[in-house]
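Novice: coordinates for the following, if possible.
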Amino acid sequence: MNKRQFLKTSGGLIASSMLSRLNAEEQRKNWAGNYQFKAGKVYLPNSIQEVQEIVRQHEKLKAVGARHSFNNIADSPGAQISLERLRSISVDPASRTVTVTADLKYGDVARYVTGEGWALHNLASLPHISVAGACATGTHGSGNKNGNLSTAVRAMEVVTADGSLVTKSHEEAGAVVHLGGLGVVTKITLAIQPAYEVSQVVYENLSFTHLERHLEEIFASGYSVSLFTDWQNHQATQVWVKSRGAVKPQSDFYGAKPATKKLHPLAGHSAESCTDQLGVPGAWYERLPHFKMNFTPSSGDELQSEYFVPRDRAYEAILAVEKLRDQITPHLMITELRTIDADNLWMSPCYKRPSMAIHFTWKPEWPAVKNILPLIEEQLAPFEARPHWAKLFTMPPSHLQSLYEKLPAFRALLKQYDPTGKFRNEYLSTNLSP
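Specialist: This next block holds a predicted model:
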């Protein structure tokens, strides 16, 4: 697919319909429908120059992307700005990078770079999230040796509070996972590598007893590995192993057996929306996510929380959460366990430590979930668990701030580029202020 065809396919409907849809009341909520945005207006600029002018004109402003955050991180007491009308993408084979406008979704970027013979190092479970939003919050895929999605960033073009257009390098470790506080990111340059194939095999019923001695081996058994559990019966109900190239299912995977049909992580749900399994190889972007790009995610039927713990204490952390199984399970859809490599990005949940992410997909029962989260956070406190910035947590700000040694330097960086607090909102004020 050439660049003109890509831009027409991915963005052709936006200019004609996005403004009216964004102004509709139901579109002023996030993807899950659990949060109602308070920003009074959403701007849809047609050029970078318009972005700069809008930024200059407002005292309070926040960029909004795919609206996949489950909290108020992307909200503003003033206005929001969406870059849905700005679409560009360019591969540079010499530097092995791709530069994309910030609002592009990972699925769209993946299809384009694959057409040029390239790939990204990883993808999240959903390919529908925006590049800018995922990188700003430290969103991740899986793999013992794979850093989160932000680790692929090589440069960012940002409109800062005074309307200036600046470029930030990945070597500025405080700028990449920026929580929307630096300004409006307009373009992102990502590292790429030659395109590759991935095959996916699902195993059923892995006893947690194998994790005590074999956790590293289990999570190193593929390029990307996910364990799903409902916290009952001391087991992972499913293990999704994604490997580069073609692989054959093992007859016995630490006591778990290979699935004989394609499965959804939730028992009893149709697997039609899930990426292909049973060891059939396919393009990297058609296997690394759990769900297909051409299936629009449902909205309004789930909540999400996630906590990152040191990988060398992951089994202890699993047992600590398991103690709450009878409180958790009635309100839970599924928990996913994944590993992520360490990085040096100041506000990344994986800063300086290889991690395991314990992810909870909840039923849309916020009053109950709100009561359960402090119990989980208490159990995980000995492991210095860091919550996902874009998901739901109840951790006291004082404790959250103690988990990030570079937070004072990050505050100084935000002050440098946003001295009046134009991009500061309730979320940042609550969680980052001294």
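Novice: hmm, Trp284 is touching Tyr196, no?
Specialist: Yes: using C-beta atoms under 8 Å, Trp284 is in contact with Tyr196, at 5.2 Å. All C-beta spots, glycine's among them, are computed from the backbone N, C-alpha and C.
Novice: more crowded one of the two?
Specialist: Shown here are Trp284 and Tyr196; by other C-beta atoms under 10 Å, Trp284 has more neighbours (25 against 15).
Novice: OK, contacts around the more buried one?
Specialist: Contacts for Trp284 were tallied using C-beta atoms under 8 Å, 6 or more residues apart in numbering; they are Ala110, Thr114, Ala119, Leu120, Leu123, Ala195, Tyr196, Glu197, Val198.
Novice: out of those residues, which end up buried?
Specialist: Applying 16 or more other C-beta atoms under 10 Å to the contacts of Trp284, the neighbour count classes Ala110, Thr114, Ala119, Leu120, Leu123, Ala195, Val198 as buried.
Novice: downstream of whichever helix or strand the last one is part of, the next helix or strand is which one?
Specialist: Pointing back at Val198 there. Applying DSSP states H and E as the criterion places Val198 in strand 197-207. Per DSSP H and E, the first helix or strand lying C-terminal to strand 197-207 is helix 211-219.
Novice: one step back: inside helices: which ones of the buried ones among the contacts of Trp284?
Specialist: The helices, defined by DSSP state H, take in Ala110, Thr114 from the buried ones among the contacts of Trp284.
Novice: and the two most separated of the buried ones among the contacts of Trp284?
Specialist: Pairwise distances among the buried ones among the contacts of Trp284 were taken by C-beta to C-beta; the largest, 13.2 Å, belongs to Leu123 and Ala195.
Novice: run the chain-centre distance for the strand holding Val198.
Specialist: In terms of C-alpha atoms, centre = their mean, to the nearest Å, the centre of strand 197-207 is found 22 Å from the chain centre.
Novice: next one: stretch 227-245
Specialist: On C-alpha atoms, centre = their mean, the centre of stretch 227-245 falls 19 Å from that of its chain.
Novice: pull out the buried residues from that stretch.
Specialist: Under the neighbour-count criterion of 16+ other C-beta under 10 Å, stretch 227-245 has 227-231, 235-243 buried.
Novice: can you show me the CA trace of it as PDB?
Specialist: Output of stretch 227-245 as PDB, limited to C-alpha atoms (Å, rounded to 0.1, in the frame of the first residue of the first chain):
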ATOM      1  CA  LEU A 227      -1.300 -15.900  31.200                       C
ATOM      2  CA  PHE A 228      -5.000 -15.500  31.900                       C
ATOM      3  CA  THR A 229      -6.600 -16.300  35.200                       C
ATOM      4  CA  ASP A 230      -9.900 -15.900  37.100                       C
ATOM      5  CA  TRP A 231      -7.900 -16.500  40.400                       C
ATOM      6  CA  GLN A 232      -9.800 -19.700  41.100                       C
ATOM      7  CA  ASN A 233      -8.300 -23.100  41.300                       C
ATOM      8  CA  HIS A 234      -4.700 -21.800  41.600                       C
ATOM      9  CA  GLN A 235      -4.200 -21.800  37.900                       C
ATOM     10  CA  ALA A 236      -4.000 -19.900  34.600                       C
ATOM     11  CA  THR A 237      -7.000 -20.900  32.600                       C
ATOM     12  CA  GLN A 238      -5.100 -20.000  29.400                       C
ATOM     13  CA  VAL A 239      -1.500 -19.400  28.300                       C
ATOM     14  CA  TRP A 240      -1.000 -17.500  25.000                       C
ATOM     15  CA  VAL A 241       2.400 -18.100  23.500                       C
ATOM     16  CA  LYS A 242       3.400 -15.900  20.500                       C
ATOM     17  CA  SER A 243       6.600 -17.000  18.800                       C
ATOM     18  CA  ARG A 244       8.500 -15.700  15.800                       C
ATOM     19  CA  GLY A 245       8.200 -18.000  12.900                       C
END
